[in-house]
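# Structure, please.
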Amino acid sequence: MKLKEEQTLVLIKPDGVKRGLIGEIMKRIEQRGLKIIAIQMTQATKPMLLKHYSDSKENLAAMGNKTLATYQKYGLDPVKEIGTNDPVKIGKMVHGWIVEFISSGPIVKMVVEGIHAVDMVRKIMGNTIPAIADMGTIRGDYSIDSPILANAQKRGIRNVAHASGNVAEAELEINLWFKPEEIHSYKRAEEDIMF
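Residues are numbered from 1 along each chain as shown. Sure thing, here's the model as predicted:
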């Protein structure tokens, strides 16, 4: 295990790009002592996003169950709100909204490297639900969206950025979004001082 070289993927979503948050997100990542070793602005296609966001029955059920838990938390009837309480059907709807949203405008994709890069970037980003993300995180400072509002408007949640959930996921996502020759290794000036 090469702790200094752990890598993760970050996607700045269309809402983050359109709101001019690219520099702020990069700044926070670099201030933490992490390195951006690949970066590019691109237009995500629906076929690419279908590879990134799995539409397997298990993933759809997980998305649907998260949505059902949110409805339960707020005392709302999912059948009344979105026409079903079947987790897979709900997950399929949410999945479609996410793909539609992220393909709606340019995104910035980047590979971030450093000690515990996956956990550190997720900490910088904050909870995936902006309304409950801590202040001081990207999502806590720059978004207030909630799943209930997003579902009511039949759209993906606007949470500024995506960050890989674990090391295995990061590896798959990096290989999906970048060619090996697009990723660059270098040493930051302060690495010898920091660790």
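
# For this structure, which segments count as strands?
All strands of the chain, identified by DSSP state E, fall at 7-12, 35-43, 106-113, 161-163.

# buried sites along the second one?
Within strand 35-43, the residues that qualify as buried by neighbour count (16 or more other C-beta atoms under 10 Å) are 35-39. Heads up, the C-betas are built off the backbone N, CA and C, glycines and all.

# what's the answer for stretch 171-178, then?
For stretch 171-178, the neighbour count (16+ other C-beta under 10 Å) marks 173-174, 177-178 as buried.

# how about the buried residues of strand 35-43, which pair is most distant?
Maximum pairwise distance in the buried residues of strand 35-43, criterion C-beta to C-beta, is 10.8 Å, between Lys35 and Ile39.

# tell me, how many neighbours does the closest residue to Gly64 other than its chain neighbours end up with?
Spatial nearest neighbour of Gly64, chain neighbours left out: Pro87 (3.1 Å); criterion: C-beta to C-beta, 6 or more residues apart in numbering. Residues contacting Pro87 under the criterion other C-beta atoms under 10 Å number 19.

# Can you check the pLDDT for Phe195?
Listed pLDDT for Phe195 reads 66.

# what's near enough to touch the residue nearest to Glu182 when sequence neighbours are not counted?
Nearest residue to Glu182 in three dimensions, chain neighbours excluded: Ala38, at 5.2 Å (C-beta to C-beta, 6+ apart). By C-beta atoms under 8 Å, 6 or more residues apart in numbering, the contact set of Ala38 is 109-111, 178, 182-184.

# Quick one, which of those are buried?
For the contacts of Ala38, buried by 16+ other C-beta under 10 Å: 109-111, 178.

# Ile22: which of those residues is nearest?
The closest of the buried ones among the contacts of Ala38, once distances to Ile22 are taken by C-beta to C-beta, is Met110, at 9.5 Å.

# so that closest one sits right up against Ile36, yeah?
Yes: counting by C-beta atoms under 8 Å, Ile36 is a contact partner of Met110 at 5.3 Å.
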